[in-house]
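A.B. asks: I'd like to go over a predicted model; first the sequence, then the structure.
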2 protein chains.
Amino acid sequence: MRPTVHDIAAEAGVSLATVDRVLNNRPGVRSITRDKVERAIATLGYVRDVAAANLAKSRSYPLIFILPEGENAFMRGLEAEIEFARARSAVERTEITILSVPAFDAAALADALDEARRRGPAGVAVVAVEAPEVVAAVGRLREDGIAVVTLVSDLTGSERDHFAGVDNIAAGRTAGSLMRRFLGSREGPVAIVAGSMLVRDHRDRLEGFSAAVGEGVARRHLLPVVEGHDDPTEVETLVRDLLAAHADLAGIYSLGAGNRGLIAALEKAGRQSEICAIAHELTPYSRAALVSGTIDALLNQDAGHEVRSAIRVLKARADGLSMIEAQERIRIDIFLKDNLPVEPA
Amino acid sequence: MRPTVHDIAAEAGVSLATVDRVLNNRPGVRSITRDKVERAIATLGYVRDVAAANLAKSRSYPLIFILPEGENAFMRGLEAEIEFARARSAVERTEITILSVPAFDAAALADALDEARRRGPAGVAVVAVEAPEVVAAVGRLREDGIAVVTLVSDLTGSERDHFAGVDNIAAGRTAGSLMRRFLGSREGPVAIVAGSMLVRDHRDRLEGFSAAVGEGVARRHLLPVVEGHDDPTEVETLVRDLLAAHADLAGIYSLGAGNRGLIAALEKAGRQSEICAIAHELTPYSRAALVSGTIDALLNQDAGHEVRSAIRVLKARADGLSMIEAQERIRIDIFLKDNLPVEPA
DNA sequence: GAATTTTTGATGTACGTAAATCAAAAATGC
DNA sequence: GCATTTTTGATTTACGTACATCAAAAATTC
């Protein structure tokens, strides 16, 4: 049997009340006594029973998720995962609220963070846009002792407790490396379509891709980056123009969302099998395009993993506990049509 | 506040004792009364507080893991993950025991399963070897109400509750697809090194690979499969002979363990950059070979995920609960040197 | 309708911890 | 050495559920 507070009290030769005072560092314990208790804890290898403690405390974890609105399929998938987690909140003792803000809008995001702060939750998870006012708003949350996790896109220079997302520089490098190997000795330039350089994840992916695609012998010509703001319509126009302007285009790297536009443009031009296309995030659209061959490889971050990881970390931080680093590391999944997970994505 | 048993009692107009009888289906309740209580449960949306219930029951979960001994780096990594989970057993209320058996030995495995049965655990996780006596032993465990999860390698025709591992046919297909694209128009045969055709995962990978590598235009010549029994020394000899016999060898697919032997043979022959090598499982050896370029791509199953998944499923099954399918699906990770996770692996 | 069986209620204890109260003991100041 | 402050002990209630016991009520049998 694992030791309980009673065992510590007996081992240390003090009362239960004193053990409680030490465990929950309440005042009124001499340091000599505190030492005795701590030695007993170490000797017996006592670990607080979190379940029992939460029961006694009637603990619950109000959490707020802030994410961009709009028809970004990945973000909607993320929202679905949050809703799914909410369905399990009875068991997890969480109370999850979702706030939606306009995409790529730093001021609106900062306002939402302040609103979250007003509500006084145990933790906040936020898809960040990089801007000083956002950093400042996160700082205010942390000052109030509210745990903050950035989700999907990180926030440079902020006080966030953790980033629940992938290493986007490595993701870009991986895309570049795949593009290089898939193109082999084939000639022609490569185009890059981003969402916005305002978000950290897109900047990071671009950096990684540029470095890796040109490695080795033949340097590859990269066309200037275009920004489609994660909007399918805008992306389609951009890609259509790129295809028209470059008859010898060898590859396209889409590092943001709006891949429906990319797919449509490639298929309308009838150049889907000739051009090597690599994109991000598994959605119903991108999955179909991978299966049909329009897209050659897909990099993915598992939204479900990210949401569950964010919740675990926020709960742990709210309790002042540590986390299992290895469990919280979000992998960069590479999908070919051969290793696609079964339907529900 | 979420409803408690007291709320149900009030809503249904019965006593606490009756609610308890219904919830834990104890005898002595008229079906009319039972209905009343169940309607109250549905109306209030009551969900049993598992933490409190486990506390009251002083529930613990004795679990037994059975895995092959020997210097298979992946299996040793798996064992390390199990040990790591054991360190957390105080919190998780698990009591984990590990049984080691000789690799690829069906009789020994069946004995170990019977030994596990004798100890009467809540659940058993086992790296399976396919054989009728193993299927039978698993059946005996299930008859005793002991939950069984196959780990890494599945067991055809058995009564196991769940398989905690990857889809190995898809894994083989993925390897084949990568091999095909990486080789491009390059000529030459491809060799396949397996561990043993006695385990399901190796057979599945071979099947997938053979199908995918030869897709498309140029059919690729595949050399007959050789079996290295996951032993580095044996594998090295096999590969050395393959290299000597085939001066034009274009690729090698190692679908089992013992990759240290593969790497040594390739490097001693000085043909590591000329031959496209694809292997399984991220270990310190394979990682170094991926970074140096001796191995071109590595397919991996995350041992930590598998162990944690197996434990979650065993606990859920022991309580008669369901699991989140999506959370328990183990991904096939593709690693290039660009998306390698940071050191500790 | 009396005797029997089945069903229900009332109550208490337990799990391991949190949190509070009040009294007793020890340490400290002067 | 007395008064004061600080520290410690003893005890109780609570969290939500499980489980056991005994008495009371209701249903069933004949």
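C.D. replies: Sure, I can see it.

A.B. asks: Measure how buried the closest residue to residue A:167 other than its chain neighbours is and give me the count.
C.D. replies: Closest residue to residue A:167 apart from its sequence neighbours, by C-beta to C-beta, 6 or more residues apart in numbering or on different chains: residue A:332 at 7.1 Å. C-betas here are computed from N, CA, C, even on glycine. By other C-beta atoms under 10 Å in any protein chain shown, the residues close to residue A:332 number 26.

A.B. asks: so who does residue A:332 touch?
C.D. replies: Going by C-beta atoms under 8 Å, 6 or more residues apart in numbering or on different chains, residue A:332 touches A:166-167, A:170-171, A:174, A:299-301, B:339.

A.B. asks: Now do residue A:143: how many residues are near it, please.
C.D. replies: Neighbourhood size, residue A:143 [other C-beta under 10 Å]: 10.

A.B. asks: Contact residues of the stretch 151-300 of chain A facing chain B?
C.D. replies: For the stretch 151-300 of chain A, the residues in contact with chain B (C-beta under 8 Å from any C-beta of the partner chain) are A:170-171, A:173-174, A:176-178, A:181-182, A:184-185, A:208, A:212.

A.B. asks: Distance from stretch A:147-156 to the middle of the chain?
C.D. replies: Chain-centre distance of stretch A:147-156: 7 Å, with C-alpha atoms, centre = their mean, to the nearest Å.

A.B. asks: quick one: average pLDDT of that stretch?
C.D. replies: Stretch A:147-156 comes out with an average pLDDT of 95.

A.B. asks: and it, which residues are buried?
C.D. replies: Neighbour counts over stretch A:147-156 (16 or more other C-beta atoms under 10 Å in any protein chain shown) mark A:147-155 as buried.

A.B. asks: now swap in stretch A:101-117 and tell me
C.D. replies: Residues of stretch A:101-117 classed as buried: A:101, A:103-106, A:108-110, A:112-113, A:116-117 (neighbour count, 16+ other C-beta under 10 Å).

A.B. asks: Relative to DNA strand D, how far out is the residue nearest to residue A:131 when sequence neighbours are not counted?
C.D. replies: Distance criterion C-beta to C-beta, 6+ apart; nearest residue to residue A:131, sequence neighbours excluded, is residue A:106 at 3.4 Å. As judged by C-beta to the nearest atom of the strand, to the nearest Å, residue A:106 and DNA strand D stand 41 Å apart.

A.B. asks: Could you check how far residue A:106 is from residue A:136?
C.D. replies: From residue A:106 across to residue A:136, the span is 11 Å (C-beta to C-beta, to the nearest Å).

A.B. asks: Next up, the contacts around the residue in the stretch 201-345 of chain A that DNA strand C sits nearest to.
C.D. replies: The nearest approach of the stretch 201-345 of chain A to DNA strand C comes at residue A:319, 9.5 Å away (C-beta to the nearest atom of the strand). Neighbour list for residue A:319: residue A:50 [criterion: C-beta under 8 Å, 6+ apart].

A.B. asks: on that earlier part again, out of the residues of the stretch 151-300 of chain A next to chain B, which end up buried?
C.D. replies: Buried members of those, scored by 16+ other C-beta under 10 Å, are A:170-171, A:173-174, A:176-178, A:181-182, A:208, A:212.

A.B. asks: And those, which is closest to residue A:5?
C.D. replies: Minimum distance to residue A:5 across these is 45.6 Å, recorded for residue A:170 (C-beta to C-beta).

A.B. asks: how about the closest one, secondary structure?
C.D. replies: Three-state call for residue A:170 (DSSP: H, G, I helix; E, B strand; the rest coil): helix.

A.B. asks: Surely it is in contact with residue B:338?
C.D. replies: Yes - counting by C-beta atoms under 8 Å, residue A:170 does reach residue B:338; the two are 6.2 Å apart.

A.B. asks: okay, and the common contacts of the two?
C.D. replies: Shared contacts of residue A:170 and residue B:338 (C-beta under 8 Å, 6+ apart): residue A:208.

A.B. asks: just checking, which of the buried residues of stretch A:101-117 belong to strands?
C.D. replies: Here DSSP state E is the test, and the buried residues of stretch A:101-117 give residue A:101 as lying in strands.

A.B. asks: Could you dump the buried residues of stretch A:101-117 into CSV with pLDDT and distance to residue B:190 added?
C.D. replies: Below are the buried residues of stretch A:101-117 laid out as CSV (pLDDT from 0 to 100; distance: C-beta to C-beta, whole Å):
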residue, pLDDT, distance to residue B:190
A:101, 97, 52
A:103, 92, 46
A:104, 91, 47
A:105, 94, 52
A:106, 96, 52
A:108, 97, 55
A:109, 97, 51
A:110, 97, 56
A:112, 98, 54
A:113, 98, 54
A:116, 96, 55
A:117, 95, 59
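
A.B. asks: and which of the buried residues of stretch A:101-117 is nearest to DNA strand D?
C.D. replies: For these, the nearest to DNA strand D is residue A:116 (25.9 Å; C-beta to the nearest atom of the strand).

A.B. asks: for DNA strand D, what are the nearby residues on chain A?
C.D. replies: Taking C-beta under 7 Å from any atom of the strand as the contact definition, chain A meets DNA strand D at A:13-18, A:21, A:27-30, A:32-34, A:52, A:55-56, A:58.
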